[in-house]
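>>> Need coordinates for the following:
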Amino acid sequence: MRGSFIKIDNKARRRGRIRAKISGTPLRPRLCVFRSNRGLYAQVIDDTIGKTIVSFTSLKLPFKSKKTMEAAKTVGLEVAKAARAKKITSVVFDRAGFAYTGKIRAIAEGAREGGLKF
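This is a model prediction of the structure:
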């Protein structure tokens, strides 16, 4: 039981270190990603006013499995497409304490393919 609390605490520390260094501005908002047991989420946030500009989730996809690498890449492409529609071309990537491998990396690669620069 104690081990799960340590894991959560370590992730919170990693997330805090990341968020201390990066922040979204109107010219370069923050692309924040989240991975849960149900799906994958990505949102573009302007931290100066505290508003989400664009968001997309794998739960909106028609795939049977919403947690695959293919779904992750599609989430990145869709959030990039929506951001470009709002004239956002450059963002800061926030991995939110997750390791930059697997699905988190696939979201980032999809966003880059969609035209976002970071």
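>>> what does the longest helix along the chain contact?
Using DSSP state H to define each element, the chain has its longest helix at helix 2-21. Helix 2-21 is contacted by residues D94, R95, A96, G97 when judged by C-beta atoms under 8 Å, 6 or more residues apart in numbering. Where C-beta positions appear, they are placed from N, C-alpha and C, glycine not excepted.
>>> Now with 10 Å, please.
With C-beta atoms under 10 Å, 6 or more residues apart in numbering as the contact definition, helix 2-21 has outside contacts at R30, C32, D47, V92, F93, D94, R95, A96, G97, F98, A99.
>>> which intervals of the chain have sub-threshold pLDDT?
Applying pLDDT under 70 to the chain picks out residues 1-3.
>>> for it, what spans make up the strands?
Along the chain, counting by DSSP state E, strands occupy 30-35, 40-46, 51-57, 92-94.
>>> Mean neighbour count and distance to R84 for these - can I get that in TSV?
Output for the strands of the chain, formatted as TSV (neighbours: other C-beta atoms under 10 Å; distance: least, C-beta to C-beta, whole Å):
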stretch	mean neighbour count	distance to R84
strand 30-35	22	12
strand 40-46	22	10
strand 51-57	17	9
strand 92-94	20	16
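>>> Of all these, which one is nearest A71?
Closest approach to A71 among those is made by strand 40-46 (6.3 Å; C-beta to C-beta).
>>> okay, that closest one in CSV with CA atoms only?
In CSV, the C-alpha atoms belonging to strand 40-46 read as follows (Å, rounded to 0.1, in the frame of the first residue of the first chain):
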residue,chain,number,x,y,z
LEU,A,40,-5.3,10.1,-23.7
TYR,A,41,-5.8,13.9,-23.4
ALA,A,42,-4.1,16.9,-24.9
GLN,A,43,-4.8,20.6,-24.4
VAL,A,44,-3.3,23.9,-25.4
ILE,A,45,-3.3,26.3,-22.5
ASP,A,46,-2.6,30.1,-22.2
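>>> from now on call the first residue 4
Shifting the count to begin at 4 puts that one at strand 43-49.
>>> Now do that strand and strand 54-60, the angle between them.
Going by axes from the mean of the first three to the mean of the last three C-alpha atoms, to 10 degrees, strand 43-49 is angled at 160 degrees with respect to strand 54-60.
>>> Please consider this matter closed, and thank you.
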